[in-house]
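J.: take a look and give me a structure for this.
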Amino acid sequence: MINIVDLGYQYVNVGEFDIQRPQGTGDYLFLYFRCPTEVWIDGDYQLVPEDTYFLYQKGAPQYYRHREGNFINDWIHFDIDPYNGFFEKLDIPFQTPMKLTYNKEICDMIGDLQIEHFSFGKQHSQIMSQKASALFHKFSDLYHFAQTTNSRVIDYRREFIELRRDLQNYEYRPANAEEVAEHLNISVSYLQHLYKEFFDVSIHQDIIKARINHASHLLNGTKYSISEIASLCGYDNLEHFSRQFKKLKGCSPRSYRNQLKP
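T.: This is a model prediction of the structure:
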């Protein structure tokens, strides 16, 4: 279980800031430097740029400073019981500057954790622990993705996440991968490669899934005929629609609708 001792989000320290903790703080410390910061690493201060993350191991000396202007950072003091090699399993290094190409997801999660930190309830401690665990698991994914992927591919990540969201919400209804590639101004083969790398599923599978999920909503909430629903979901061939529906839902559209009847 992760116990959050204290945290700050977009915390502004006015003027010069100098932390010197030879024995650490008795807990783990996760930092997000929102401005350039000098950090003691391997026997000397090193200047790390803004948008750098840093994780101090429990008991490790903590030395970092900011000489000019206001010092802005996010910080989480926490403990883990039992520890069981938590960060080693996630392959997140201690006392090492870490960069993410895209920080919004982690920043949003820290902000959400802070909101819960000031809340109260019977499940508060459990919620805090689970949110913190999700934060570090997500950070591990994003950090290692940034380490192993070229910057051009990383630039596409946010765009593809938004694309997949729009597909699954049935807000974007492309006929095929060729239409999506044209929309993004990339080749079909590159689209298929990136989509599979990002989500471990083909874009063709996701287009079909979105159509069938929308069809199931229409079967449940409207009086459209099955042939009308097939057409509304992009199918010219009713048999083809029924076959794909059964493959994903385990039954025919007619059986699916009949099961929903009181």
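J.: nearest residue to Pro1 other than its sequence neighbours?
T.: Actually, residue 1 is Met. It isn't Pro. The spatially closest residue to Met1, leaving aside those adjacent along the chain, is Ser129, at 4.8 Å (CB to CB, 6 or more residues apart in numbering). Where you see a C-beta, it was placed from the backbone N, CA and C, and this is true even at glycine.
J.: verify the contact between that neighbour and Asn3 for me.
T.: Yes: between Ser129 and Asn3 there is a contact at 7.1 Å, judged by CB atoms under 8 Å.
J.: quick one: mean pLDDT over whichever strand or helix holds the residue nearest to Met1.
T.: When secondary structure is defined by DSSP states H and E, Ser129 falls within helix 124-148. What helix 124-148 shows for mean pLDDT is 93.
J.: now do the very next helix or strand once past that helix against helix 124-148, angle only.
T.: Sequence-wise, the next helix or strand downstream of helix 124-148 (DSSP H and E) is helix 151-168. Using axes from the mean of the first three to the mean of the last three CA atoms, to 10 degrees, the inter-axis angle of helix 151-168 relative to helix 124-148 is 130 degrees.
J.: who does helix 151-168 touch, helix- and strand-wise?
T.: Judged by 3 or more CB pairs under 8 Å, 6 or more residues apart in numbering; DSSP states H and E, helix 151-168 is in contact with helix 124-148, helix 177-184, helix 188-199, helix 203-221.
J.: show me what contacts the residue nearest to Met1?
T.: By CB atoms under 8 Å, 6 or more residues apart in numbering, Ser129 lies in contact with Met1, Ile2, Asn3, Ile4.
J.: among the residues you listed, the buried ones, what's the PyMOL command?
T.: A single PyMOL command selects the buried members of these (16 or more other CB atoms under 10 Å):
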select buried, resi 2+4
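J.: ok, so of the contacts of Ser129, who is nearest Asn176?
T.: Ile2 (44.7 Å; CB to CB).
J.: columns distance to Leu47 on top of the helices and strands packed on helix 151-168, output as CSV?
T.: Output for the helices and strands packed on helix 151-168, formatted as CSV (distance: least, CB to CB, whole Å):
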stretch, distance to Leu47
helix 124-148, 20
helix 177-184, 38
helix 188-199, 33
helix 203-221, 42
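J.: most packed of those helices?
T.: Highest mean neighbour count of the helices and strands packed on helix 151-168: helix 203-221, a mean of 17 (counted as mean count of other CB atoms under 10 Å).
J.: now that helix, how far from the centre of its chain.
T.: Relative to its chain's centre, helix 203-221 lies at 24 Å (CA atoms, centre = their mean, to the nearest Å).
J.: could you check the angle helix 151-168 makes with that helix?
T.: Going by the same axes, to 10 degrees, helix 203-221 makes 20 degrees with helix 151-168.
J.: next, count neighbours for the closest residue to Phe94 other than its chain neighbours.
T.: Excluding the flanking residues, the one nearest Phe94 by CB to CB, 6+ apart is Gln57, at 4.1 Å. Counted by other CB atoms under 10 Å, the residues lying close to Gln57 total 14.
J.: verify the contact between Gln57 and Tyr28 for me.
T.: Yes: counting by CB under 8 Å, Tyr28 is a contact partner of Gln57 at 6.8 Å.
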